[in-house]
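> Fold the following, please.
(chains A and B)
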Amino acid sequence: MTDVTLPAATAPVDEHGHGPHDDHHTSTGLSNNKLAMWLFLGSECLLFGGLISTYMLYRDRTGAGPTPESAFDIPFTSVSSFVLLTSSLTMVLAVSAAKRHDVRLMRLWLVTTALLGATFVGGQVYEFTAFYREGMGYTTSLFSSSFFTLTGFHGAHVSVGIIMLLSLVFISGRGRIPGDRSEVVELVGLYWHFVDIVWIVIFTLVYLIPA
Amino acid sequence: MSTTHAEEHPPTEDPRANDDTVLDDSEVHAEYSHHTDWIYIRVAVVLAALTALEVSTYYVDFGPVFLPMLLVLMSIKFVLVVLFFMHLRYDAKLFGRLFWSGFFLAVVVYVATLATFQVFRP
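Modelled structure (predicted):
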């Protein structure tokens, strides 16, 4: 690798893509938009914490319906997890491309992320349909209700993320994301990664750890 | 004897002009982006490996380490995404405080609630 001397005056971005345009004239010296997004994500922890706890509480209340062990298809869900994990990589690459003002590559990674997200949601729809055909509806048992509510809320979050990604692609195509406003891509990225970390928890606590 | 402006003020030569190790702006962008992109790819490979290890618990009996192992793997994956993909490791501390406050509040509140319902009793 080339040994690079970086003159301070010519350093437009730091090693993680944070450039001079990230400095905002606010009372905290930080971007208010980013601050709001982190606050929102912190509050989302409480929302998903409640849903996960409810599932943990009711997961052995299956009644006459299927149990988690009999209903879940772990190999299929594992593939879905890999897909969502890969989408986190493509999202961070999109943010990286946005930071260096490479709009073409940014759009490519955003579209890839949206497609991977859509694949995940498609898998979830398939899974829900399979459960329904096996006799596990929303009101079959407390287990099924809490399961569908938790994973449905997560799926809804992924779907909102896909809409935001496609909106970014659309507005970037109209040249409305100039380089110094690449923060908007970063904000959507934060949301997308949050959706990913929620799935990391759901995959372990709901699918892999038996009741 | 009069001298021209150019003679009085000869153009200062850019000390970086002949230095092959100094990059211009676009090269700096590319070099640093390339560097960080590789970090992201490496983190993603680690995450994939950890996920594969998690999935292996479905096929292999790990005995008493099954539950602690899954919880540790989940925590490592969670922290890796937050620190590297969400840039919390390098960003302002206030962002981290906001996020971790919500996270730990959620963990404490809901673990306490579940404990009240004796969910953790064997």
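> Tell me which residue in chain B sits closest to chain A.
For chain B and chain A, the shortest gap (C-beta to the nearest C-beta) falls at residue B:102, measuring 2.6 Å. C-beta: built from backbone N, CA, C; applies to glycine.
> Phi first, then psi, for the nearest residue to that residue once chain neighbours are set aside.
Using C-beta to C-beta, 6 or more residues apart in numbering or on different chains and skipping the chain neighbours, the partner closest in space to residue B:102 is residue A:42 (2.6 Å). When read as degrees, to the nearest 10, the backbone of residue A:42 gives phi -60, psi -40.
> Just say helix, strand or coil for residue 107.
By default, I'm working from chain A. The three-state label given to residue A:107 by DSSP: H, G, I helix; E, B strand; the rest coil is helix.
> that's the other chain; I wanted chain B
helix.
> for the one 3 residues further on, same thing?
Per three-state DSSP, the local secondary structure of residue B:110 is helix.
> List the contacts of it.
A:49, A:50, A:52, A:53 (C-beta atoms under 8 Å, 6 or more residues apart in numbering or on different chains).
> Check residue A:71 too.
A:131, A:134, A:136.
> so how far is chain B from the last one?
To tie it back to what came earlier, the one meant is residue A:136. 20 Å (C-beta to the nearest C-beta, to the nearest Å).
> what's the answer for the second one, then?
From residue A:134 across to chain B, the span is 19 Å (C-beta to the nearest C-beta).
> and if you look at residue A:167?
20 Å.
> Next, count neighbours for that residue.
Each residue near residue A:167 was counted by other C-beta atoms under 10 Å in any protein chain shown, and the total is 14.
> Kindly report the same for residue B:90.
13.
> Using the three-state scheme, assign it.
Strictly by three-state DSSP, residue B:90 counts as coil.
> quick one, what contacts the residue nearest to residue B:102?
B:98, B:99, B:100, B:101, B:102, B:103.
> Mind checking which of these are buried?
Using 16 or more other C-beta atoms under 10 Å in any protein chain shown as the burial test, the contacts of residue A:42 include B:98, B:99, B:102, B:103 as buried.
> Can you tell me which of the contacts of residue A:71 end up in strands?
Counting by DSSP state E, the contacts of residue A:71 place none of their members in strands.
> Weed out the non-buried ones from the residues you listed.
A:131, A:136.
> ok, so of the contacts of residue A:71, who is nearest residue B:92?
Ranked by distance to residue B:92 (C-beta to C-beta), the contacts of residue A:71 are led by residue A:131 at 43.2 Å.
> Can you pull out the low-pLDDT segments for the chain?
This is for chain A. A:1-24, A:176-181, A:211 (pLDDT under 70).
> my bad, chain B
Scanning chain B for pLDDT under 70 picks out B:1-35.
> Can you tell me the centre-most residue of it?
Centroid check for chain B by C-alpha atoms, centre = their mean gives residue B:84 as the closest residue, at 1.0 Å.
> For that one, list the residues it contacts.
A:92, B:39, B:40, B:43.
> Show me which residues of stretch A:26-41 are buried.
Buried, per 16+ other C-beta under 10 Å, within stretch A:26-41: A:30, A:31, A:34, A:35, A:37, A:38, A:40, A:41.
> now the third one: how far from residue B:92?
Read it as residue A:34. 8 Å (C-beta to C-beta, to the nearest Å).
> Can you report how many residues lie near residue A:114?
Using other C-beta under 10 Å: residue A:114 sits among 24 other residues.
> Give the full set of residues in contact with it.
A:162, A:165, A:166, A:169.
> Skipping its backbone neighbours, what lies nearest it in space?
Leaving aside its chain neighbours, residue A:114 sits nearest to residue A:165 (4.2 Å; criterion: C-beta to C-beta, 6+ apart).
> which stretch of helix or strand covers the one you found?
Using DSSP states H and E, residue A:165 falls within helix A:142-173.
> Which elements pack onto whatever helix or strand comes next after that helix?
Counting by DSSP H and E, the next helix or strand C-terminal to helix A:142-173 is helix A:183-202. On a contact count with 3 or more C-beta pairs under 8 Å, 6 or more residues apart in numbering or on different chains; DSSP states H and E, helix A:183-202 meets helix A:32-58, helix A:74-99, helix A:103-133, helix A:142-173, helix B:66-80.
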